[in-house]
Structures are given as structure tokens and as C-alpha cells.
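A.B. asks: following is a predicted model, sequence given first.
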There are 2 protein chains.
Amino acid sequence: MTSAPPAPRLLGSATGLSCRECGSAYEIGPLYACGECFGPLEVAYDFPTITRATIEAGPTNIWRYKDLLPVPSHVAETKTLNPGWTKLIRADNLAAELGMKRLWVKDDSGNPTHSFKDRVVAVALAAARELGFTVLACPSTGNLANAVAAAAARAGIKSVVMIPADLEQQKILTTAVYAGTLLAVEGNYDDVNRLASELAGEEEDWAFVNVNVRPYYAEGSKTLGYEVAEQLGWRIPPQTVIPIASGSQLTKVDKAYTEFAKLGLVEQTPYKIFGAQATGCSPVSVAFKDGRDFVAPVRPDTIAKSLAIGNPADGPYVLDVCRRTGGTVEDVSDDEVVEGMKLLARTEGIFGETAGGVTIATLRKLLATGQLDPDAETVVFNTGDGLKTLDAIAAHVGPTATIKPTMASYRSAGI
Amino acid sequence: MTSAPPAPRLLGSATGLSCRECGSAYEIGPLYACGECFGPLEVAYDFPTITRATIEAGPTNIWRYKDLLPVPSHVAETKTLNPGWTKLIRADNLAAELGMKRLWVKDDSGNPTHSFKDRVVAVALAAARELGFTVLACPSTGNLANAVAAAAARAGIKSVVMIPADLEQQKILTTAVYAGTLLAVEGNYDDVNRLASELAGEEEDWAFVNVNVRPYYAEGSKTLGYEVAEQLGWRIPPQTVIPIASGSQLTKVDKAYTEFAKLGLVEQTPYKIFGAQATGCSPVSVAFKDGRDFVAPVRPDTIAKSLAIGNPADGPYVLDVCRRTGGTVEDVSDDEVVEGMKLLARTEGIFGETAGGVTIATLRKLLATGQLDPDAETVVFNTGDGLKTLDAIAAHVGPTATIKPTMASYRSAGI
């Protein structure tokens, strides 16, 4: 007598959703808030046996970790942008300049649309299709808009991206080129967001990546942590510096390190997670320094627009992670952000976006204030591309000299 | 009696330089033109035994092919941007739209500074350092400037990049951020080029990547061909569509396919190479269609500025390759270039630069005119990033609709 094999799960190892606050359990579905306590829902798993060898035999993109994500087992055969497996760059020049022993830059500008958003969107897309959604949507002011429009184009499905109508033209172009539906909304980002939430309630076929399928979307950030650990030769780095927008990325990297250790893929070694914000939008840093466990919303005013979330949903969890691991949260001025961008470019040939400037500048500040150990191995994240935030450096860099096209003019310039 | 081991060669398997025209042989050095006939010099090799396994065990960048390049054997341990091993993307959506059976996009926008120039600059840098140069230099109007400044920053050496003073500000910023010497020259690109040649004669420590170390630099483009063949599972694609600027890239991809076959790494199967130009700078296409074996210079006038070389040095060799392999050379209007960029973005989520628009539009034209077989497997190159040529699409894409932040306004938009 043989029993029937178990039916394959819809989303791989994912078994359901559970509330981060009260632990209530839910079936896999387009839910994001707990019906009991309104806490955020998170994906629950029953992981199979996973070995380094099976991961190493996988594709050189995030799908090498598919068994650790809420995606169908055939995800690598579907049409996606195949983001991830970006470079972990040994940054000896920058380390020397900062007086550090060993420093790495996880450079996520190498993703298909040049930001880490390709990771979360790819996971959201894979889950959304299995859940029956036919449209990929989001409110956004930049990187997310690019990532959603491009991913939907590759997948051959409809996208609806909503942006403030007064967005910089270059951000409009880099989304519009993928030819999905692009709605310019006359209002600020809060207005766009509110309309998106209303639409999410009405349009049953639309998966708003960062709203109604957010629990799946957020899991995509775990791949940053998995990659760092694998690329270091299956080790957790003692110190990691991560930018904070909603705070989700930082908490998911912590989750990735924890999962890898639990699964026996890496040794459970101590590690510290540090959070980085721009002072003009630093509610988590302020809460950390005040010793609070809640985050008071602020009105953002910083050039680091991709981090400018004044009321970060995962702020409290960021405080938990940084305190639990012995890390801290720090913030830097816009001038320091620009200096951070220039420092990374000058020393390592990496032109990161403003968010990268925030983490590099924060790293420097953490060192100067003795919060981070210069002798302990450190990974710092660059999550986007300087090409998308050229305005930030426009007033700060330029030609060394302007000369006439003659040897005499060249010589007199004293190069 | 044991004999002493042979001294390691300065540049790996490279044994010297030889003239493409008269065959005169030269020792490895900073030479680029034949002393006998002024023909271009090319690197000569004595390749060791190279297997698929040794290549596959190498790093996931161009240094996996180091034994086939004029670089020192320890190159992977030096500070470089480690370009290459960019995605070869199965483009089923685009194939369906064009009525093709199997199409791939080799997407070199995934390189560190988002163009194929990172490949050639990395090889030039590696060779230049071994040859004793201490400064990396170039005249450029775009991608090459970015690549040289970034590579030199990583390597920790000085760079001198020369650009026309009236270049678009965004191209100035994306080079200046790496903090090398950036000389704005009051004149057009020809003026800049002439001054660069004068300087190359005077400044003995300066390696102008595309002038006095050009033979080494040019070899970097072979890695595009190697990667395509390896990524296809060690096969030469029957048809490859490649953009033409100087023409060097196209001839080096042909050389790569030939070398792989000679070394027994792939089967020697028939293949056709197709060249792509913008009509506004199409001297090679015109020569091909006229049945000539020489190229008459033109004054470029096209939005595809990264291909706008009016007097392409390798034009005659491109004609040779395309005729020998049974391919052709075709050109497309600027309007078609824009349509090509939009088509690639809409169908595959890849935002290529104008040069990518040229190859996609040329592919379409080759199909429409029966020059390319829709049933034979084809690889088309995208060699740069749309983010760097936003002006090209600015008048052609935009929001689908502009609405007020209300459900009523959304509904009346008829999305």
C-alpha cells in the first residue's frame, strides 16, 4: 500500500503567514496585517534539508536560494530578471583610508535595474503569480518604479506604477521606457500612497508589491544576507552596515544570518548589525539614541531620497536587531553623504547612489566615535547606483581643468 | 641534469606583436603601428593547453579567460573592477515579436560602469602596468571615460581623461566622481584626440588605452565572444549581431569564436557575423553595400554617440569578417534606434543605450530584408546602459496618464 505523494506547496518551503506581534497563523494568501492585532505578517517555512553543495549548484542569481524563499520550486524556469549574486568587493583602498583591517562592499548596483529592489520585486512577482494576481503594481518615487516596470515587462504581464507627477524627468523616463501603465498623480508621495492603498482594496487582480503582497516581497531582502555569507566562504561577517528606509532590509539580513546558522550552513558566530540613516530622515537613529523602542515619525528632508521614509514600518524591529546584536544606529548629514559617495568612488571605483553615500559616511562616523571595531571584518552595503542620483553630486565634482587643444595650454595647466 | 624552468612571460600567453597587414613581428611593448607598413599591430600568443574545466573553475569575470589574454598570470589577484561574465539573456518575448525561433541578448550593461568598455580597459590596465606605465589615460566622450576613471581608482593609480569641454554635464559628472584628472578641452572630439596623440608621444609614463596600448586593449573584446560561446553551453551561435564603432569589437568576437574552435573548446560550426551601424554614421555599412573593401570616412550625425566614429580603424577588417562568414552590415535611422531601445525594454525589461537600440533595430531590419534567418539561433549585443543616454528617449516616452489623487480621477482615466 503506497500513500499518495504530498501535493507540492504553492510557494516552495513556505507553509503560511504568522503575525510578528501575536503569532497568529494564517494560510498563504494576499494578507499583510494580522486580523487579531494588526501586526505585520511574516512568511513561515518548513525548510527541507539544504546543503552548501545544493546552493552552489544553483544559478548565479537569487534563485540559488529558492528553497529559503516563498516562491514556487520552478521559479528559475519562469521569466524573471534573475537579480542577485552581485559582487562582494574587497575594499582594501577604502579600508586603508579608514584605518580598517578588512572591509567589503556588497555592491547591489550590479542588479538588472541597478538597485536591490530587483530582489524584492522578483520574489513578490513570483509569489503574486502563484496567488493568482495578473497585474504588478506599486507606488514609488524611484528605484522601485524601475524594478516593477522592468520585471513585469520581462514576465510579460501588466504593470501599474504610480508616481508623484512632479518627479524628476529622468526617473519618469527610466520607468516609462518599459511601457507599462505609468500613472502620474498630482500630489506628494503620501497622496500617491493613499491612492495606492485604496486601489489595492478595489482591484482584486493587482498585486501591489509593497502593500498586499508585502510579506513575500520583504523576504527578497534575505538574499542579500545569504549572498554575503556565501561569498565570504560560508561565514557571517562580524560587522555589517546597512541602510534604513522602511527598515525591512536590515531585519531581513539579520534573519538570513540566523537562518543560515540554524540550517548549519554557517557557524553561529557573533555578529553586529549597524543601521545607517541620513540625518534629514533619521527617526530610527533618534529612537536608538534616546533608548526608545518606538519610532516617532518625521517629515523627511534629505538628498538620500531612496531612504526618505519618515514613518518606517520596521523601525521597532530594527531597534531590536541592532540592540540584540550589539550594533548601533547612526545618521549622517547630507554633506557627509556626498563625501561618502565621493570617497567610495575615489577609493574603489564604485559610484553608488546617495544610499551608498549614507552607509559609507555612517561607517566613517561609527569608526570615529568608536562604535565600530576597525579590526573586525566589516561588510558595508551599497544598494543602488550613482547614475540615478546625479543631482546629489552635481555641485561637488567637475573637471580638474579646462584647457585649449594645444600642448602649450596643457603645459600651463600644471597637470 | 635539470634545466632551469622557463622565465614567466610578462603578459601570460602573449609572445609578441605582429602586423595585421605585413606580418612583421615585434616584441611585447607599447607599440601599436607597424614600423614597416604602418599596419595595426595585434597580439600574438602561444596558448597553453586550455580545457573547459580550467575555464569553468576560474572567477566569474573576464579573468576566467586570462590564458587567452595579454595579461600577467596573477591578474585576478590585482585590483581591477573584475568586469565581464555579464548575462546572456534568453529573449523569448522579443523573439516572438520578431518571429524568430531562438534569440539571446548579451547584456553588457551589467558591467561595473555599465558598458563593455570595462572589459577592454581592464585588459589595457593589466598590460600597461606590466609594461611599466604609471598613468592610465584616454580621450573619450562617454563610456570609455567612465571606465578608465573607475578602473584607475580601483587600481590606485593616476588617470587622465580628456573630454570635449561642451560634453553633457551628466557624462562629466559620471567621470569626475572618481576623482582622477579630468581635462575639459575646448574643441571637438577630433581636437581632443589630436591633443591626446601629441601627449602620448611626450608623456612616457602614460598609457593611453586606445592609443599606445591599443593592441592589448582591443583584445579585451574577445571576452564577449568567449562568454557567449561558454554561456550557450560551449557552442558558437549561428548568427551574431554586433554594433560597429571602430569595428574592433566585431572583429575580436570573430577571433574569439575562431580561437575557441582551434583550441577544441567548441565544435567548429558555421557562423555568420552581422554588423550594425546608425545611418548617421554608417561608413562600414555603405562600403559593404557598395562591395568595396575600403571605408570612406564620414562626419557622424546620429543619437548613437557611442558608435559615432566617422573613420573606423577596423572598418576593412569588419568587411572581411562579415563577408567571410556570410553575414552582412546594415544601418538604421535614429527613429529606428529609439524604436529598438523601446522594443527591447518593453519585451525583455532591458533598458539598453542607443548602441543597443542600433543592434535591435538592425536585427529587425535584417529579418525584414531576409538577410538574417529567423529560424537560426541568434545572439544580439547590448553593449551599454540606457541610463547614460536618457536624452535619446526623452521625447518618446512618458506617463500613460496624469490624474488627481482620487479614485474618481483614476476611474475617469480609463486605465
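C.D. replies: Everything's here; your move. Numbering: from 1, shown residues only, chains lettered A, B, ... in the order given.

A.B. asks: hey, let's count contacts and neighbours off CA atoms from now on
C.D. replies: Will do.

A.B. asks: where do the strands sit along chain A?
C.D. replies: Remark: strands assigned in chain A by DSSP state E are A:14-19, A:25-26, A:41-45, A:88-90, A:103-107, A:135-139, A:158-164, A:181-185, A:206-208, A:239-243, A:272-278, A:329-332, A:378-382, A:401-403.

A.B. asks: with distance to B:A150 and mean pLDDT added, can I get those in TSV?
C.D. replies: Below are these laid out as TSV (distance: least, CA to CA, whole Å; pLDDT from 0 to 100):
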stretch	distance to B:A150	mean pLDDT
strand A:14-19	42	97
strand A:25-26	50	97
strand A:41-45	41	97
strand A:88-90	14	98
strand A:103-107	14	98
strand A:135-139	34	97
strand A:158-164	33	96
strand A:181-185	34	96
strand A:206-208	38	96
strand A:239-243	24	98
strand A:272-278	25	98
strand A:329-332	25	98
strand A:378-382	16	98
strand A:401-403	19	96
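
A.B. asks: turn the ones you listed into TSV, including distance to B:R90.
C.D. replies: What follows is the strands of chain A, written out as TSV (distance: least, CA to CA, whole Å):
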stretch	distance to B:R90
strand A:14-19	29
strand A:25-26	38
strand A:41-45	31
strand A:88-90	26
strand A:103-107	25
strand A:135-139	22
strand A:158-164	20
strand A:181-185	25
strand A:206-208	26
strand A:239-243	33
strand A:272-278	38
strand A:329-332	43
strand A:378-382	28
strand A:401-403	45
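
A.B. asks: in stretch A:100-108, what counts as buried?
C.D. replies: A:M100, A:R102, A:L103, A:W104, A:V105, A:K106, A:D107, A:D108 (16 or more other CA atoms under 10 Å in any protein chain shown).

A.B. asks: check these and tell me the two furthest apart.
C.D. replies: A:M100 and A:D108 (22.1 Å; CA to CA).

A.B. asks: same for the least confident helix or strand in chain A by mean pLDDT, what does it pack against?
C.D. replies: In chain A, no helix or strand scores lower on mean pLDDT, DSSP states H and E than helix A:189-202, which sits at a mean of 90. If contacts are counted by 3 or more CA pairs under 8 Å, 6 or more residues apart in numbering or on different chains; DSSP states H and E, helix A:189-202 sits against strand A:135-139, strand A:158-164, strand A:206-208, helix B:407-412.

A.B. asks: same list, those, but as TSV with mean neighbour count please.
C.D. replies: Below are these laid out as TSV (neighbours: other CA atoms under 10 Å in any protein chain shown):
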stretch	mean neighbour count
strand A:135-139	25
strand A:158-164	25
strand A:206-208	27
helix B:407-412	12
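
A.B. asks: next one: the residue lying closest to A:Y317 once chain neighbours are set aside from A:V120, what distance?
C.D. replies: Among residues not flanking A:Y317 along the chain, A:T251 sits closest, at 6.7 Å (CA to CA, 6 or more residues apart in numbering or on different chains). Using CA to CA, to the nearest Å, A:T251 is found at 14 Å from A:V120.

A.B. asks: again with A:G187
C.D. replies: Distance, A:G187 to A:V120, by CA to CA: 26 Å.

A.B. asks: looking at those two, which has the bigger crowd around it?
C.D. replies: More crowded of A:G187 and A:V120, by other CA atoms under 10 Å in any protein chain shown: A:V120, with 25 against 16.

A.B. asks: give me phi/psi at the closest residue in space to that one that isn't next to it in sequence?
C.D. replies: Distances taken as CA to CA, 6+ apart place A:G220 nearest to A:V120, at 4.2 Å, with adjacent residues excluded. Per-residue torsions, A:G220: phi -60, psi -30 (degrees, to the nearest 10).

A.B. asks: with A:I28 instead?
C.D. replies: Torsion angles, degrees, to the nearest 10, at A:I28: phi -50, psi 130.

A.B. asks: that one contacts A:S18, doesn't it?
C.D. replies: No: the pair A:I28 / A:S18 is not scored as a contact, 9.6 Å apart, by CA atoms under 8 Å.

A.B. asks: so these two - more neighbours on which side?
C.D. replies: Neighbour count, other CA under 10 Å: between A:I28 and A:S18, A:S18 has more, with 23 against 20.

A.B. asks: contact partners for that one?
C.D. replies: Neighbouring residues of A:S18 by CA atoms under 8 Å, 6 or more residues apart in numbering or on different chains: A:S24, A:A25, A:Y26, A:C34, A:L41, A:E42, A:V43, A:A44.

A.B. asks: at 7 Å what do you get?
C.D. replies: Contact analysis of A:S18 by CA atoms under 7 Å, 6 or more residues apart in numbering or on different chains lists A:S24, A:A25, A:Y26, A:L41, A:E42, A:V43, A:A44.

A.B. asks: please apply the same query to A:S73.
C.D. replies: Counting by CA under 7 Å, 6+ apart, A:S73 touches A:G12, A:K66.

A.B. asks: what's in contact with the least confident helix or strand of chain A?
C.D. replies: Applying CA under 7 Å, 6+ apart, the contact partners of helix A:189-202 are A:P139, A:M162, A:I163, A:P164, A:V185, A:W206, A:F208, A:N212, B:P405, B:T406, B:M407.

A.B. asks: much appreciated, bye for now.
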